[in-house]
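Participant: give me the fold of what follows.
(2 chains)
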Amino acid sequence: MAARSDYVELHCHSGFSLLDGASNPEALIERAAAIGMGAVALTDHDDLGGAVRWAEAGGEHGVEAIIGLELTVGDADARAEARTRGHTGETALRGRAAVRPCAPVSHLTLLAMDQTGYRNLSRLVTVARGGERGAPAATWEAVDRHAAGLFCLTGCPFGEIPRRLAAGDEAGARERLGRLAETFGGSLAVECWDHALASERAVVPKLIALAGSLDLPWLVTNDVHYATPHGRLVHDVLTCLRHQTTLDEAGTLLRPNGEWYLKRPEKIAHRWRHYPEGILASRAVAERCAFRMAALTPTLPAFPTPPGVTADAYLASLVAAGARERYGARLTVRHREQLRHELDVIRRLGLAGYFLIVWDIVREANRLGVLAQGRGSAANSAVCYCLGITAVDPIGMELLFERFLSEDRREAPDIDIDFAHQDREDVLQYVYRRYGRDHAAMVCEAITYRGRAAVRDAARVLGFSVQQAEKLADEADRDGARETGEKLREGGAAAADLDPSDHRVRMLAEVVRGLHQLPRHRSIHVGGFVLTAEPLADVVPIEPAAMPERTVIQWDKDDLGPVRLIKIDLLGLGMLSMIQEAIRLVRVHRGVTIDLARLPMTDPAVYDMLCRADTIGVFQVESRAQMNTLPRLAPRTFYDLVVEVALIRPGPIQGEMVHPYLRRRAGLEPVTYPHPSLEPILERTLGVPLFQEQGMQVAVAAAGFTPGEADELRRAMGHKRSHERMARICDKLVAGMARNGIEPDVARRIFNQISAFADYGFPESHAASFALLVYASAYLKLYHPAEFVCALLNAQPMGFYAPGTLVEDAKRHGVEVRGVDVMRSDWDCTLEKTVPRRQDGEVVSGCPAPVQEGRTRSTSASERLALRIGFRYVAGLGAKAKESLEPLLGGARPASLEAWVRDSGLTVTQLRTLAEAGAFDGLWPNRRSALWEVLKHARGSAGPLAPVAADRRKAPVPPLTPVELTEADYRVTGLSSAGHPMRHLRAAVAAMGAIPAAELAHRRDGDWVSVAGLTICRQRPATAKGFCFVTLEDETGLANVVITPKLYEASKRLVRRSPLLVVSGVLQEEQGVLNIRARRFAAPHPGAGAAFVTSHDFR
Amino acid sequence: MADVRGKPRVTATSREAERRGIAVGMALAEAKALDTDLVVLLRDDERIARAALEVTTALLAASPRVSWAGMGRPLPSGRLASWPGGAGIWWADAAGLGSEAKLAERLLAIVSGFGFGPARAGIAGSAVAAYAATYGGRSTRTHGRPAVRPRIVPPGGDALYLAPFPVTLLDLGDDLAETLRGLGLTTLGQLAALDADEVDARFGPEGLAAHRLARGIDARGPSVPRDDALPVVEVELGGPVATAEPLLFVLKGALATLGEALRARGLAARELTLALTLDDGGTAERAVRPARPTSHADTLFDHCRGALEGWQLPEPATGLILRAALTVPAAGEQGDLLAPRWADPAALAAAFDRIRGSEGPDAVAVPEARDAHLPADAGAWRAAAGGEALVRGAGGTAAAACDAALRLLGSPVPIHVRLGREGLAAFRYDDRWHDVTGWSGPERLAPRWWLGDGAARDYYATRTADGALWLLYRTAGGEWLLEGWVD
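Facilitator: Residues are numbered from 1 along each chain as shown, chains lettered A, B, ... in the order given. Okay, the predicted model is just below:
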């Protein structure tokens, strides 16, 4: 007789059986613990994505977490069949499709007995998922090859053996079982189940008999798909989503009852009371499945070093060489000691190979000409600096290495490297090539259900209309699904005009709650790469990503730590693309080579420009808030830029540190410290904590935290914060500070500051890395404005401002801007030498051809460059148009409008847009006439009976007025070489009392002023207590407007929607910063293209 | 709010919402961000159609030809009047109705009576100019209430009137609208001024159609409303008639007229009422039912003559009235239901229509299998359309034989069950015990939880001593019910 506790569930699906499992791994383990099940196996469909979480949860709840999976297996046509049935293929079991004993796919339950078994599980999933996305299936041959270390169960009723038996094909079932017995030897059992269905009850006796006839054991499973009976609702909804149907239409696609939950062992024991051997066998098998995830010990690939040289020695030699290059004569004993210390730590942690790998990636990026720079805590490492991974000298900056790497923490270092975003793919492909796709892959990101998606999906499946679903989704705001479910129950449904007493509405709330954090789909992590010495597929399944040429592992970044996989973040950064391109343009056109590493960081002219907040397009300091701070902070040194970058962040703003810092810097208030012990930590930031490191150091100094505890504090306040954990640490921090004699209110204030910026603040090293880019971009803007704006436009989309604003700013900095021209423009924007003009503005000689890299002599510094807008800025010209145009642009361009229409391969709409952009001006005067002509040629031959169009000498269309010209420019390209819309509207707004923005500088604090401009930016940050900040742009510059919450509420229609605003109010001048405190608004008709201006709104 | 290309968008606003910045075409999210108190109503096309029908019916009192032309598009503001979200448009024929202005005012008064807000009317020789005139009407104030005087475009002056209107007045495709804008052709006058062949060469048929409208050439207009009333033919006999011959003579012509009226409506008469007005002022009636619904005058005449024969009238007749009392949609050749070779869908549809006519609209139904777990959900009777059932039957698909059919009770009946050592022993139904000789189950099936009943039921197929097979189930609460039996 089996005891109730003998039953072990060996077939259990989590949410990682995407759209077929209705509980997360943690919920299943919790349930197992609650019902006294000491061991349980995870068997997701062709997926090990939940394995780490399963193991972690098992460890936490004292449940033996067996790892397995349910493999889709079949013959060569399996994938196509699996695709038609949905990935589980279970449709065939229960309706709609007839049971076919020879269907090409079936299921097999596999459990890892040892590490070899796990490796084979992972390989099988990799093989199964190696084909077409969304239709995983492995062949029987693959199962044969990878059977070692695996215990095989014959699977659910969709397994080949039960299916054959159900269809009366006993011989076929026996043959397949015999072959499995040959493959798995003594590690095979027949799987039986009872979900109170006649169809199962008809098969199970045959399964037991068949097992007995081959002298094989049989065991009971419940093919679990959700933790508790309540999970059935969610499972039904997921099933509908998988089959893209509604509950009303789903019919037998849904399971007939709710028996697929993790049942109490005694319930299973009672149901099988006459067959105890099936229960006992489950325990016996569980005991044989001894593999646990903790046994995984992946290693990094060994980096090839010169013969006889260890990785540690090779790293040391590279660091020494780098130190000589980086520091030169400045290399002191202190530098050497720091480097030695870091190398020692790296050696003891066995991480030399990791640093060499990262160094190699950066080296390759340099070779490819892709700008790269480390960010984040890696900038705390002098080793990273000497290897060229980071660009900030941590010794000079006195940055703390332990923030990056510590023996206490025993965790993998985290090196994030930014690459020029347009060329990052080259680097990624290098990593794939260098280590092979068997050893390198990107990390995935498990996208889970949050409120809005949960409401939309659940509402759709429950039969609500799209509109109703949308109204309901509005109730979700940014909440999680669980909170959204609560909201719906507590009035949200009524607010969406639904009857909360209606049964479907109540069920909707339940389902939404149930979808909380269930995986919805899998995407690629923004840049995380993992590398292993052993084949990566032995550690974790790899699958092709949606993007071509990318492969991803099935684990999320948070799963890597527990299994000691090290991630390298290879990120894309638009600003690096911009700088890279600008440097290239400077080299080509000026013959000047700019080395970022050798930029003088002390150029007063650069700091002057920053102090003027002349920073449109400059990295990190171009936002409205940053521009407002720059004149107050008045940066004069590189460290000031580090502070500037870190200061205007949600953390310091929420912690109310910005104004104290600025006042102290301006000498308006004394520098004080919350406690004397904090002075050494906060001295460099005038007593105000600004960086994450300072927060941690404060915890150590003021509350007696160990470095490990301080780091725990940082992580507790990190991305996935836990209130309970935070509360515990807060109590500990306050208690520690009390022990050190810090008053409770001071202690509370310190805690608030730490918690504010620990989450949303920058580490000092990260701010320093970014500050370098601030300086570099400011330098380029100041000395090479044409190259700067050209590169910026070519790197779009990036940054804060729309191209129109960037172009207007460039014009204000003396850059001549020329429109798109089919005879001169390239796809990207280019630079042309300016042409001398006579007094009357006429060109002396014809325009030169566009400058081509490598064959045009350099332009001397005194010569000016004009910006030529590229085809990429013409609306409606995308990748396909680029492909069509490139052959023409690279060779002899068609010399007539008719030839362009004929040969360009562009559509009529695209040609029309080009004409409207003035791109044919060189071939056909007057844009509208050109369009008239284009239309004639574009229609082509209309056939012999078509009327012959009268060919007038002059097109019967009116010429463009200057206003229409600007309007057309903005409408078609988002920018204008001809002039700013406000230039045309100046007279009208002047009549309303508006002065040009540039004139504000000549007015006094407290003056009543009116300005008019295009609203290029609207911001209402959560930290601003309801204030709204608007930036207006006119033909002379920018004007900043501050709107009080009350006024905003009264005028939000105008403020939010009007592309053109006239604002009247009081001018405020504070430390060189001008703001208009708005009192009144008017919104004139947005003529001259103002309506087409793109603004940066509420992002 | 309605779904526009998969995104919820504002399709109409109240004046107040418009004042708060909500605009037609705006994404719902944007509108809600503008005004958190916004009341959002789903667009109800059915309601709009009902309202349109009501108004159309009312307008018919003023003009015999009125058509609902749908919802107009909201026009860009400017000098034109516009309605937030567009307005309902009706075409009405003013021809031959006297003063156009008075007619327009009458129409306006009728529409205003519905309380939909200010209405406008324009009168012109073409629909497009009338449409423009509607937008161009002038607002006036009458007795303190705003009113709009109808704008009347002088005959022959449509093109001239249209000339200053923006091309956006026309319902142009996006591409054509963009092209015209790009060319600077912003008014209908500019478009009309182009040569037609130039337009055709550059813009194709769509451009040519727009060009015609810009010149005031518009084929659209009001149509005759459909007359749903059944036809009646009345004939005065000129004096009292006491014999059948004169009646039959008149009857023939009357039936020809009636048949024509029926065919115009696409109908066939299943029953006629033949009424005679008597000399004393009274009437005598007889129903005439042809063997098959028909509009054929000769066939109907035969039946009517039969009815007249032997009809003893108390007084001479002075008039004759023929009324189509029951009709069915006219169909093609009708066949004989009993003829085995008969499989004419049109004729079958007509036959079924007769059944529906007498037994109710759902009288003809076909069984339909449904994909569901519960027996009660696994099949349903669905009202059949036309000759569907028999056509299938003729093809043999629906005639597939079954050995047995599950017959469900109207609703499950609670029963008493006696359990023995082996499980089910007997159950009591219809006042007697049925001994169970075998059973299979339980099959646990759960109803559709989203419809309000999620509790699982354990089903048992039960064989009784008399050989019958029954379907029983036990609820989660332990109650036993009989759901049906296998026939």
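Participant: since we're on the residue of the stretch 201-350 of chain B found nearest chain A, how many residues are nearby?
Facilitator: Per C-beta to the nearest C-beta, B:A201 is where the stretch 201-350 of chain B lies closest to chain A, at 3.3 Å. For every residue, glycine as well, the C-beta is placed using N, CA and C. The burial count assigned to B:A201 is 21, neighbours taken as other C-beta atoms under 10 Å in any protein chain shown.
Participant: isn't it right up against A:E933?
Facilitator: No. With contact defined as C-beta atoms under 8 Å, B:A201 does not reach A:E933; the gap is 11.6 Å.
Participant: identify the contacts common to the two.
Facilitator: With C-beta atoms under 8 Å, 6 or more residues apart in numbering or on different chains applied, the contact sets of B:A201 and A:E933 do not overlap.
Participant: what sits against A:Y435?
Facilitator: Here A:Y435 is in contact with A:P301, A:L531 (criterion: C-beta under 8 Å, 6+ apart).
Participant: what residues does the stretch 51-200 of chain B have near chain A?
Facilitator: Taking C-beta under 8 Å from any C-beta of the partner chain as the criterion, the stretch 51-200 of chain B approaches chain A at residues B:175, B:178-179, B:182-185, B:190, B:193-198, B:200.
Participant: one more time with 7 Å
Facilitator: Counting by C-beta under 7 Å from any C-beta of the partner chain, the residues of the stretch 51-200 of chain B close to chain A are B:D175, B:T179, B:G182, B:L183, B:G184, B:L185, B:A193, B:L194, B:D195, B:D197, B:E198, B:D200.
Participant: could you dump those to JSON lines with neighbour count and pLDDT?
Facilitator: Below are those laid out as JSON lines (neighbours: other C-beta atoms under 10 Å in any protein chain shown; pLDDT from 0 to 100):
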{"residue": "B:D175", "neighbour count": "13", "pLDDT": "88"}
{"residue": "B:T179", "neighbour count": "24", "pLDDT": "90"}
{"residue": "B:G182", "neighbour count": "23", "pLDDT": "89"}
{"residue": "B:L183", "neighbour count": "25", "pLDDT": "92"}
{"residue": "B:G184", "neighbour count": "18", "pLDDT": "90"}
{"residue": "B:L185", "neighbour count": "22", "pLDDT": "92"}
{"residue": "B:A193", "neighbour count": "14", "pLDDT": "92"}
{"residue": "B:L194", "neighbour count": "21", "pLDDT": "91"}
{"residue": "B:D195", "neighbour count": "14", "pLDDT": "88"}
{"residue": "B:D197", "neighbour count": "14", "pLDDT": "84"}
{"residue": "B:E198", "neighbour count": "21", "pLDDT": "85"}
{"residue": "B:D200", "neighbour count": "20", "pLDDT": "86"}
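Participant: among those residues, which lie within helices?
Facilitator: B:D175, B:T179, B:G182, B:L183, B:D197, B:E198, B:D200 (DSSP state H).
Participant: wait, is B:A324 part of a strand?
Facilitator: Yes. Counting by DSSP: H, G, I helix; E, B strand; the rest coil, B:A324 falls inside a strand.
Participant: that one bridge partners, please.
Facilitator: Partner residues in beta bridges with B:A324, using DSSP bridges, are B:L272.
Participant: just checking, it touches B:R270?
Facilitator: No. In this structure B:A324 lies outside contact range of B:R270 using C-beta atoms under 7 Å: 8.7 Å.
Participant: higher neighbour count, the two?
Facilitator: Neighbours per residue, other C-beta under 10 Å: of B:A324 and B:R270, the larger number sits with B:A324, 24 against 20.
Participant: Three-state assignment for A:I1016, please.
Facilitator: Recorded secondary structure, A:I1016: strand (three-state DSSP).
Participant: what about A:R452, how many neighbours?
Facilitator: Burial of A:R452 is recorded as 20 neighbouring residues (other C-beta under 10 Å).
Participant: what do you get for A:Q692?
Facilitator: Using other C-beta under 10 Å, A:Q692 has 26 neighbouring residues.
Participant: what sits closest to it if chain neighbours are left out?
Facilitator: Counting by C-beta to C-beta, 6 or more residues apart in numbering or on different chains, A:Q692 lies nearest to A:P763, which is 4.5 Å off, once chain neighbours are set aside.
Participant: do you know the pLDDT at that neighbour?
Facilitator: Confidence per residue is given as pLDDT, and for A:P763 that number is 83.
Participant: quickly find the element holding B:A380.
Facilitator: Assessed by DSSP states H and E, B:A380 sits inside strand B:379-383.
Participant: buried stuff in that strand?
Facilitator: Along strand B:379-383, no position meets the burial threshold by neighbour count (16 or more other C-beta atoms under 10 Å in any protein chain shown).
Participant: return the distance of that strand from the chain's centre.
Facilitator: Per C-alpha atoms, centre = their mean, to the nearest Å, the displacement of strand B:379-383 from the mean C-alpha position of its chain is 22 Å.
Participant: direction included, what does it pair against?
Facilitator: Looking at strand B:379-383 with DSSP bridges, its paired strands and their directions are strand B:365-369 (antiparallel).
Participant: for B:Y460, what are its contacts?
Facilitator: By C-beta atoms under 7 Å, 6 or more residues apart in numbering or on different chains, the contact set of B:Y460 is B:L424, B:W439, B:S440, B:G441, B:P442, B:L472, B:Y473.
Participant: grab the nearest non-local neighbour of the second one.
Facilitator: Spelled out, that is B:W439. In this structure, B:W439 finds its nearest non-sequential neighbour in B:T462, 4.4 Å apart by C-beta to C-beta, 6+ apart.
Participant: may I see the buried residues of the one helix or strand the one you found maps to?
Facilitator: In this structure, B:T462 sits in strand B:457-464 according to DSSP H and E. Neighbour-count burial for strand B:457-464, counted by 16+ other C-beta under 10 Å, picks out B:R457, B:D458, B:Y459, B:Y460, B:A461, B:T462, B:R463, B:T464.
Participant: quick one: strands adjacent to that strand?
Facilitator: Strand B:457-464 has these strand partners (DSSP bridges): strand B:432-445 (antiparallel), strand B:469-475 (antiparallel).
Participant: B:V235: which of these is closest?
Facilitator: Evaluated over the strands paired with strand B:457-464, closeness to B:V235 peaks at strand B:469-475, with 63.9 Å, by C-beta to C-beta.
Participant: need the mean per-residue confidence for that closest one.
Facilitator: Taken as a whole, strand B:469-475 has a mean pLDDT of 93.
Participant: and what of stretch A:139-158?
Facilitator: Per-residue scores along stretch A:139-158 average to 94.
Participant: start to end distance for that stretch?
Facilitator: Between the opening and closing residues of stretch A:139-158 lies a distance of 16 Å (C-alpha to C-alpha, to the nearest Å).
Participant: count residues in the vicinity of B:G239, would you?
Facilitator: As a burial measure, B:G239 scores 10 neighbours (other C-beta under 10 Å).
Participant: so what's it closest to, chain neighbours aside?
Facilitator: When the adjacent residues along the chain are set aside, B:G239 lies closest to B:T318, with 7.1 Å between them (C-beta to C-beta, 6+ apart).
Participant: check contacts around that neighbour.
Facilitator: If you count contacts by C-beta under 7 Å, 6+ apart, B:T318 has them with B:L237, B:P240, B:T277, B:L278, B:D279.
Participant: buried subset of these?
Facilitator: B:L237, B:T277, B:L278, B:D279.
Participant: out of the residues you listed, which two sit at the greatest distance?
Facilitator: Maximum pairwise distance in the buried ones among the contacts of B:T318, criterion C-beta to C-beta, is 10.9 Å, between B:L237 and B:L278.
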